[in-house]
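K.L.:
Just to be clear, the model below is a prediction. Sequence and coordinates:
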Amino acid sequence: MSRGVFLSAVAVGLATLTEPRGQKTRAQVIDAGQTRNELITFISQCLQGNGHRSLLSDRYYKLSDKKRKPQPNSIRRCSGFLRRAPVVSGQLCTCDLQMVYRENQVCPVRIGLDKNRARSRFLGLGIAVPEVTVRKKSSRILVPTHVDWRAVRVFLALAFGLAWAIEGAALALGVRFTSLTPRSTALLASVMFVPALAALVVRRFITHEGFATAGLRRGPWRPYLLVWIGVPLLVAGIYALTILIGLGRFDPTLATLTARMQEAAHGQPLPHLPPPAVLAAVIFAQSLTLGVLVTSVFTFGEEFGWTGYLLVLLFPLGRWRAALIYGAIWGLWHAPIIAGGYNYPGYPVTGAVMMCALTIAFALTQTAFRLRFDSVLLTSFFHASINNQGLGVLPMLVIGVSPILGGITGLVGVVVFGALGTWLLARTPEPLAQRLADNSMNSGETSAHEKQQLACPRKS
């Protein structure tokens, strides 16, 4: 391997080393004015994603030669803008990084971190990184600096118009959602893809912004494990608390399940069933395996629109207001099926209000996940886990529960999930654009460097 290629590999390593998980740095500037052809070619390939998938994606990189130092050998200059993927005008760049090529110096890498700065120096092998700014209190997601209200209006018009038209027609034809039948279940499953369709139309044909901010990445596996284990434990705790405060009674015979099966059989004799304990274990195991995977496909239809687009549009308002507004909109979107008996049978108006409160409680956790891991697949998995447990065997073990007060849909569930979401979101930093804007407002002025970061215009 030639010296120039090795130097470029170290440069890319330093670029990713100074950007830890969950943190964003500033606009990355590479001084390639004193590099060789191999270094320039290698960096260009990295920026274009060849062989380095998602390593340096969705960021602007400027090749600059402002801090050149005289060298005895002949060196070609190279300056310009390279971009791997289109980025919406108004989004932030990510980190400051300057590299200076030095000949005939060999020293180890020294990296020192303090509260607000990360300084990386490679005093040998041709690279020095004088200063890299790292904001430890910023999330990994990049957001616009202002709310595109036109996109919000068009998205909501499509999402609400199509869904409410389908559900309104179903209600007019006599379909009810008090107890889910194959017909009503198929209708609800199809409507779940309406937010995704609305987001797709707006992104592709209205704003032409593409899908760089859609969160279409898996992310780390540990949050999925925590959701997979944590959501059933939370739901079990909610129903245990419901029993303790006298809002329900424990029923080990699964009478609720038997009644539902008899209703679905339409008077036909039921087959011989295993003991209740075995039946409950089988249903619970199914909800943790195939059930949650299949449901994730349908919840992705909602989350691609809600957390994949609407939430990102609202992030310039701050993480708290974005979560509250998106959660209320998400709950209001369910109003027609709530009127048809879904979740809150017999409470068409109060149920709609409680549904908004419940989705706001869920939205706090969803917003924290979106900011921490930038993954719509994770928010879809969380949504699917809640649906599976909320409609699974755990609610059937408790009878006499008011849907307004007890259980996962009642006040107890709102308080528990709201407390969890508040704790998670309080520990989650603001999007970087909002933090820079807040700092500028608090200081009364905006520095030239921050103006450049907040503008980040598209280059051709």
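P.N.:
Everything's here; your move. Numbers count the residues shown, from 1 in each chain.

K.L.:
Now do the helices for the stretch 101-250 of the chain: every range, in order, please.
P.N.:
With DSSP state H, counting those that start in this stretch applied, the stretch 101-250 of the chain shows helices at 149-172, 182-191, 194-201, 222-244, listed in chain order.

K.L.:
and among those, the most buried is which?
P.N.:
helix 194-201 (a mean of 21; mean count of other Cβ atoms under 10 Å). For the C-beta atoms, the positions are set from N, CA and C on the backbone; glycine is no exception.

K.L.:
got the CA coordinates for it in CSV?
P.N.:
Below are the C-alpha coordinates for helix 194-201, written out as CSV (Å, rounded to 0.1, in the frame of the first residue of the first chain):
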residue,chain,number,x,y,z
VAL,A,194,-52.1,5.7,4.4
PRO,A,195,-49.5,7.8,6.4
ALA,A,196,-46.7,6.1,4.5
LEU,A,197,-48.4,6.8,1.2
ALA,A,198,-48.9,10.4,2.2
ALA,A,199,-45.3,10.8,3.2
LEU,A,200,-44.1,9.2,-0.1
VAL,A,201,-46.2,11.5,-2.2
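
K.L.:
what's in contact with that helix?
P.N.:
The contact list for helix 194-201, computed with Cβ atoms under 8 Å, 6 or more residues apart in numbering, reads 155-156, 158-159, 162-163, 166, 214, 300-306, 308-310, 333.

K.L.:
per-residue confidence averaged over it?
P.N.:
Here helix 194-201 scores 98 as its mean pLDDT.

K.L.:
Could you do stretch 292-301 as well?
P.N.:
Averaging the model's pLDDT scores along stretch 292-301 yields 96.

K.L.:
What residues sit buried inside it?
P.N.:
Residues Val292, Thr295, Ser296, Phe298, Thr299, Phe300, Gly301 are the ones in stretch 292-301 that count as buried (16 or more other Cβ atoms under 10 Å).

K.L.:
Quick check: helices, which of the residues you listed are part of them?
P.N.:
Judged by DSSP state H, the buried residues of stretch 292-301 include Val292, Thr295, Ser296, Phe298, Thr299, Phe300, Gly301 as members of helices.

K.L.:
His383 is in contact with the first one, correct?
P.N.:
It refers to Val292. No - at 10.1 Å, Val292 does not count as touching His383 under the criterion of Cβ atoms under 8 Å.

K.L.:
shared neighbours of these two, anything?
P.N.:
Common contacts of Val292 and His383 (Cβ under 8 Å, 6+ apart): none found.

K.L.:
low pLDDT regions in this structure?
P.N.:
1-143, 265, 267, 432-460 (pLDDT under 70).

K.L.:
Looking at the record's assignment, how would you partition it?
P.N.:
Domain ranges of the chain: 3-135, 149-435, per automatic domain parsing.

K.L.:
Contacts only, for Val297.
P.N.:
Val297 neighbours (Cβ under 8 Å, 6+ apart): none.

K.L.:
let's have the chain start at 15 instead
P.N.:
Understood, numbering begins at 15; the last thing we discussed is Val311.

K.L.:
Next one: it from Phe318, what distance?
P.N.:
11 Å (Cβ to Cβ, to the nearest Å).

K.L.:
try Tyr253
P.N.:
In this view, Tyr253 and Phe318 are 31 Å apart by Cβ to Cβ.

K.L.:
nearest spatial neighbour of Ser389, skipping sequence neighbours?
P.N.:
Gly233 (3.7 Å; Cβ to Cβ, 6 or more residues apart in numbering).

K.L.:
quick one, what contacts that neighbour?
P.N.:
Contacts of Gly233 (Cβ under 8 Å, 6+ apart): Phe387, Asp388, Ser389, Leu391, Leu392.

K.L.:
could you dump those to CSV with distance to Gly421 and secondary structure?
P.N.:
CSV is the format used below for the contacts of Gly233 (distance: Cβ to Cβ, whole Å; DSSP: H, G, I helix; E, B strand; the rest coil):
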residue, distance to Gly421, secondary structure
Phe387, 29, helix
Asp388, 32, coil
Ser389, 29, coil
Leu391, 28, helix
Leu392, 25, helix
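
K.L.:
that older thread, could you export the ones in helices among the buried residues of stretch 306-315 as CSV, including distance to His160?
P.N.:
Compiled in CSV, these are given as follows (distance: Cβ to Cβ, whole Å):
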residue, distance to His160
Val306, 37
Thr309, 35
Ser310, 33
Phe312, 33
Thr313, 30
Phe314, 28
Gly315, 28
